[in-house]
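Novice: what's the 3D shape of this:
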Amino acid sequence: MKISPCSDNVLLEPVKSEEKTKSGILLPDSASKERPEQGKVVAVGPGKKNKQGQIIPLSVKVGQKVLFKKYSSNEIKVEEKEYLIIEENDILAVIED
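Specialist: Coordinates of the predicted model:
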């Protein structure tokens, strides 16, 4: 199934970060029930219309890793896989490796 976001929405695959204690013990995701703040862009909408009716394209692209506001995303599940849908203005930064 293909998902195409509308307007200025972005479809993200959540990036689960592994947590380590100071002594080096890895904590599983179940130990921390916090929502993710990072995601990989899977799909982007066409953009938002300005007052003149022109579509302004999004600044993020498929494949980029982004940092976003913790509680700004909507969780969806498609074919047993979890995704997040977020508006572009809730994306804080692009993470470059």
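
Novice: Go ahead and confirm P5 touches V42.
Specialist: No: with contact defined as C-beta atoms under 8 Å, P5 does not reach V42; the gap is 9.1 Å. Using the backbone N, CA and C atoms, a C-beta is placed for each residue, glycine as well.

Novice: which residues do these two both contact?
Specialist: Residues touching both P5 and V42 by C-beta atoms under 8 Å, 6 or more residues apart in numbering: L11.

Novice: So which residue of this structure lies furthest out from the middle?
Specialist: Ranking residues of the chain by C-alpha distance from their mean position (C-alpha atoms, centre = their mean) puts S23 at the top, at 30.6 Å.

Novice: Just the element for it, please.
Specialist: Using DSSP states H and E, S23 maps to neither a helix nor a strand.

Novice: Could you give the bridge partners of the spatially most central residue of the chain?
Specialist: Geometric centre of the chain, nearest residue: L12, 3.5 Å, by C-alpha atoms, centre = their mean. Beta bridges link L12 to V41, L84, judged by DSSP bridges.

Novice: Settle this for me: it is touching I85, isn't it.
Specialist: Yes: judged on C-beta under 8 Å, L12 makes contact with I85 at a distance of 7.5 Å.

Novice: tell me the contacts of the residue nearest to the centre of the chain?
Specialist: L12 sits next to G39, K40, V41, V42, V66, F68, S73, Y83, L84, I85, I86 when contact means C-beta under 8 Å, 6+ apart.

Novice: What of S4?
Specialist: A43, G45 are the contacts of S4 under C-beta under 8 Å, 6+ apart.

Novice: Leaving aside the residues adjacent along the chain, what's closest to G39?
Specialist: L12 (3.2 Å; C-beta to C-beta, 6 or more residues apart in numbering).
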